[in-house]
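Undergrad: Provided below are the primary sequence and the corresponding predicted coordinates.
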Amino acid sequence: MSEAPLEQTQTNEDIPSAQTMLERLHAINLEDFDIKKVEEEIRGNRIWINTLTIPVAMMSLLLFTFLGAWISGHLIMSFLIAAGLVFFIGKMFEGYDRQVKWDARRETERRIAETEGEFGLLVHFKPFLPTRYRHLIQSLKRRRYLYIDQYIQAINLLQRKLDHDKFTQAWYIVYPHLKPNTDLEADFDDSDSQQSS
């Protein structure tokens, strides 16, 4: 993935219309960025590992303790060895769990990068967001997608409260060459109607 800032990659041919930007905004499904759901997707059929970790650990501790006590005749020593073994197994599960969380975060960041695209999306709605999102916007401009929770909040806020007319006006102030020339079309329609009469 390129680390070039957004401003360097934008050309006039790549600039979409205001309507396209609004459609992209409203097409976003926020559930795609829910880290918990992404974790469940990554775990897939191995989700039972989390639910059985504590019961399996307790049963293993009891089993190894009594098995060791029966073989060696030392209950306390076998309990300590069994506890060490269960602790080691627990660390392995913890490492797996940490890896799944890391993979889920990376996948969510990839989905945000895909949503933003080359031109960017949320950065162009900056004037319509509260200032508390400035770090998110700066991060998105640098193509870093670390602020997942803030990204979800910002998209949700825009989807619910954005004034489409104001955004469209602001868009054509920034990109006046994209504005549909309605005055020229109206003059053309008036001249056609006068010629036909």
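TA: In hand now; what should we look at? A quick note: this is a predicted structure, and the numbers were derived from the prediction, not measured.
Undergrad: Nearest residue to Lys179 in space, ignoring adjacent ones along the chain?
TA: Nearest residue to Lys179 in three dimensions, chain neighbours excluded: Tyr172, at 4.1 Å (CB to CB, 6 or more residues apart in numbering). Using the backbone N, CA and C atoms, a C-beta is placed for each residue, glycine as well.
Undergrad: what's that neighbour in contact with, if anything?
TA: By CB atoms under 8 Å, 6 or more residues apart in numbering, the residues touching Tyr172 are 18, 178-179.
Undergrad: Can you flag which of those residues belong to helices?
TA: Among the contacts of Tyr172, the residues falling in helices (DSSP state H) are Ala18.
Undergrad: which among the contacts of Tyr172 gets closest to Trp70?
TA: Ala18 (76.7 Å; CB to CB).
Undergrad: Who are the packing partners of the lengthiest helix in the chain?
TA: Longest helix in the chain by number of residues (criterion: DSSP H): helix 75-116. Under the contact definition 3 or more CB pairs under 8 Å, 6 or more residues apart in numbering; DSSP states H and E, helix 75-116 sits against helix 35-43, helix 48-72, helix 148-161.
Undergrad: Which of the ones you listed sits closest to Asp14?
TA: helix 148-161 (21.4 Å).
Undergrad: between that closest one and helix 75-116, how many degrees?
TA: Counting by axes from the mean of the first three to the mean of the last three CA atoms, to 10 degrees, helix 148-161 lies at 40 degrees to helix 75-116.
Undergrad: Mind listing what's buried along helix 148-161?
TA: The neighbour-count check on helix 148-161 (16 or more other CB atoms under 10 Å) flags 148, 150-155, 158 as buried.
Undergrad: follow-up on the earlier one: now tabulate the helices and strands packed on helix 75-116 in a markdown table and tack on distance to His26 and mean pLDDT.
TA: Formatted as a markdown table, the helices and strands packed on helix 75-116 follow (distance: least, CB to CB, whole Å; pLDDT from 0 to 100):
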| stretch | distance to His26 | mean pLDDT |
| --- | --- | --- |
| helix 35-43 | 21 | 88 |
| helix 48-72 | 35 | 74 |
| helix 148-161 | 6 | 93 |
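Undergrad: Include distance to Gly84 when you put the ones you listed into TSV, please.
TA: Output for the helices and strands packed on helix 75-116, formatted as TSV (distance: least, CB to CB, whole Å):
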stretch	distance to Gly84
helix 35-43	27
helix 48-72	10
helix 148-161	38
